[in-house]
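Peer 1: sequence? don't have it. structure:
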C-alpha cells in the first residue's frame, strides 16, 4: 500500500469572515467546537496516524482550542506545521505541507474551512492516488470539489508553487489526467468564507 499523506491548509487570514473563522464555534453532534476542529474530524478518521495541518505563525490559541475540542487521542495524530510565509498566499502553505511530507507517495490536500466534508470523499481521493491516479478529486453537480489528490510525480511542481491560487494552474494544465470521483454530497463544495455561509443544513 502506498504511503499517502493528508494535508489540511489552515493558514488563511479569514479576511472576508471578519474574525478568525477557524475559531468560530459551530455545532458538532450534541455540542459545539471550533470550526477547524469540526473540519478535521473526517480527516482524522482517514489519516488516523498522522495528519499535517498547516497554520500561521500566530496560531498558538487556535491549536490549543482545537486540541482541547478534539481530545488527546485525536489531537495526538495532528502534526502542526507552522508556515512563516503564509502571508504570501495559499501556495506557500501548500508547499510547506508537501515539504514536511516530501517522501510520501502522494498527497491528499484539503481546506480547513470545510466542516461538512464527507469522510468518504477524503478516503476515495486517497485510495485513487494509492491505486495509481496521478490526480484525483470529487465532483458534485459537475463542479470539482475538495480535497485534491496528487501523485508523487507532482512533488517538484507543488514545492515550487507561488501565489494565492494553490495548485489551480497545475490542475488546469493536467485536467485530462484527473481521476473524477462523483458524489452527491455537497460537502465537497461547501467552504466557509462569511458568517452567513454557516447557515444551512
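Peer 2: Thanks, I have the structure now. In this text, all values refer to a predicted model and were calculated from it rather than measured experimentally.
Peer 1: Pretty sure residue 24 sits against residue 32.
Peer 2: No - contact between residue 24 and residue 32 fails when scored by Cβ atoms under 8 Å: they sit 9.7 Å apart. The way it works is simple: take the backbone N, C-alpha and C, and place the C-beta from them, glycine included.
Peer 1: what about these two, which has more around it?
Peer 2: residue 24 (20 against 14; other Cβ atoms under 10 Å).
Peer 1: Name the SS class of the residue nearest the centre of the chain, please.
Peer 2: Geometric centre of the chain, nearest residue: residue 110, 2.0 Å, by Cα atoms, centre = their mean. When classified by DSSP: H, G, I helix; E, B strand; the rest coil, residue 110 comes out as strand.
Peer 1: The lowest-mean-pLDDT helix or strand in the chain: partners in the sheet, and parallel or antiparallel?
Peer 2: Lowest on mean pLDDT, DSSP states H and E among the helices and strands of the chain sits strand 25-28, with a mean of 89. Looking at strand 25-28 with DSSP bridges, its partner strands are strand 31-34 (antiparallel).
Peer 1: So what touches the partner strand?
Peer 2: With contact meaning Cβ atoms under 8 Å, 6 or more residues apart in numbering, strand 31-34 is reached by 22-26, 62, 65-66, 69-70.
Peer 1: Which residues does the least confident helix or strand of the chain contact?
Peer 2: 32-35, 37-38, 41, 69, 115, 198.
Peer 1: Measure how buried residue 84 is and give me the count.
Peer 2: The local packing of residue 84 (other Cβ under 10 Å) involves 11 other residues.
Peer 1: What is the helix or strand harbouring residue 73 packed up against?
Peer 2: Element membership of residue 73, judged by DSSP states H and E, is helix 72-75. Contact partners of helix 72-75 among helices and strands, from 3 or more Cβ pairs under 8 Å, 6 or more residues apart in numbering; DSSP states H and E: helix 35-46.
Peer 1: which residues does the residue nearest to the residue nearest to the centre of the chain when sequence neighbours are not counted contact?
Peer 2: Nearest non-adjacent residue to residue 110, counting by Cβ to Cβ, 6 or more residues apart in numbering: residue 147, 3.5 Å away. Residue 147 is in contact with 108-111, 117, 121-122, 125, 137-138, counting by Cβ under 8 Å, 6+ apart.
Peer 1: Kindly recompute the last result at 6 Å.
Peer 2: Contacts for residue 147 (Cβ atoms under 6 Å, 6 or more residues apart in numbering) come out as 108-110, 122, 125.
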